[in-house]
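Novice: After the sequence you'll find the predicted model.
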Amino acid sequence: MRKKIVAGNWKMNKNLQEGIALATELNEALAADKPNCDVVICTPFIHLAKVSDVIDHSVIGLGAENCADKDKGAFTGEVSAEMVKSTGAEYVILGHSERREYYKETPEILKEKVLLALANGLKVIFCIGESLDEREANKQNEVVKAELEGSVFNLSAEDFGKIIIAYEPIWAIGTGKTASSEQAEEIHAYIRSVIADKYGKEVADNTSILYGGSCKASNAPELFAKPDIDGGLIGGASLKCADFKGIIDAWK
Ligand code: PGA
């Protein structure tokens with residue numbers, strides 16, 4: 001059956017020393033009180049190698065927040081999937097709405113990134129989700145379906161098995177507005193049905209679909225209690241050990 005996962009997305013927060021301190025604190029907290037789910041922290045590139053050394057990878061998975069859409073070569077400032085993997089990281093977030101919006105990452109670019117991540121043995125946390133305008137126009141289902149078709153439905157069923165989906169309504173990210181657990185469950189069930197139409201029920205049942213967008217310890221238990229919500233992708237509340245641990249504990 002599919003995995004329950006709580007993944008942190010630090011975004012552009014924490015300098016190196018602060019990041020190591022947070023990872024160390026979380027590692028200690030989870031060694032003392034074993035989680036009931038998979039835990040992943042996704043950090044800025046420059047943190048990866050050092051954070052990799054301070055965490056117990058059997059308890060905390062490590063991921064990047066992005067990778068390049070090119071294999072290697074003259075792409076100044078870019079970081080390849082192979083480089084990410086070589087730090088000890090096992091995951092990469094791709095398709096985050098902030099990357100789509102601020103850095104103009106198109107479905108085609110994301111498709112390349114996904115292929116390179118998988119070719120280098122990384123698991124992909126692939127983000128989808130609608131804007132407030134799209135939700136108000138009741139277009140959320142169309143939007144998430146098109147995002148899947150545009151960047152990950154080209155994969156074989158075997159490769160799709162290495163994808164974790166994160167549904168993140170853009171209007172809920174960092175705004176303090178969470179989708180209600182009913183709203184989230186409705187669209188998670190729809191996403192699973194779209195995956196089932198494409199790859200069959202078994203693949204769909206094995207795909208973890210995380211909720212992201214102002215998820216915190218106070219609302220996580222209600223969200224995670226829904227049958228199609230398999231955990232969370234956590235931004236703001238992953239930046240303090242106690243807050244993040246509170247969400248992890250929602251699976252207890
Ligand atoms: P948030 O961010 O938890 O701060 O809303 C979630 C995300 O963007 O992954």
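Specialist: Cool, the structure landed. Values in this document were obtained by computation on a predicted structure and should not be read as measured data.

Novice: which is the next helix or strand following whichever helix or strand residue 108 is part of?
Specialist: Per DSSP states H and E, residue 108 falls inside helix 107-119. Moving toward the C-terminus from helix 107-119, the next helix or strand (DSSP H and E) is strand 123-128.

Novice: CA atoms only for that next one, dumped as CSV, please.
Specialist: Extracted in CSV, the C-alpha atoms of strand 123-128 (Å, rounded to 0.1, in the frame of the first residue of the first chain):
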residue,chain,number,x,y,z
LYS,A,123,12.2,10.2,-6.3
VAL,A,124,10.2,13.1,-7.5
ILE,A,125,7.7,15.1,-5.4
PHE,A,126,5.7,16.6,-8.2
CYS,A,127,3.5,19.6,-7.3
ILE,A,128,0.2,20.5,-8.9
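
Novice: distance between it and the chain's centre?
Specialist: Distance of strand 123-128 from the chain centroid (C-alpha atoms, centre = their mean, to the nearest Å) equals 5 Å.

Novice: Same check on stretch 41-61?
Specialist: Here the centre of stretch 41-61 is set off from its chain's centre by 15 Å, with C-alpha atoms, centre = their mean.

Novice: now stretch 9-23
Specialist: That offset, for stretch 9-23, works out to 17 Å (C-alpha atoms, centre = their mean).

Novice: what does the average pLDDT come to for that stretch?
Specialist: Mean pLDDT, stretch 9-23: 98.

Novice: now what about it, what contacts it?
Specialist: 41-44, 46-47, 50-51, 54-55, 60, 65, 93, 96, 98, 212, 233-235, 238-241 (C-beta atoms under 8 Å, 6 or more residues apart in numbering). Every residue, glycine included, has its C-beta placed from N, CA and C.

Novice: for stretch 138-148, same thing?
Specialist: Taking C-beta under 8 Å, 6+ apart as the rule, stretch 138-148 contacts 95, 107, 128-131, 134, 165, 167, 169, 187, 190-191, 194-195, 198.

Novice: Report the contact partners of residue 84.
Specialist: Applying C-beta under 8 Å, 6+ apart to residue 84 gives the contacts 45, 48, 64, 67, 92, 117, 120, 122.
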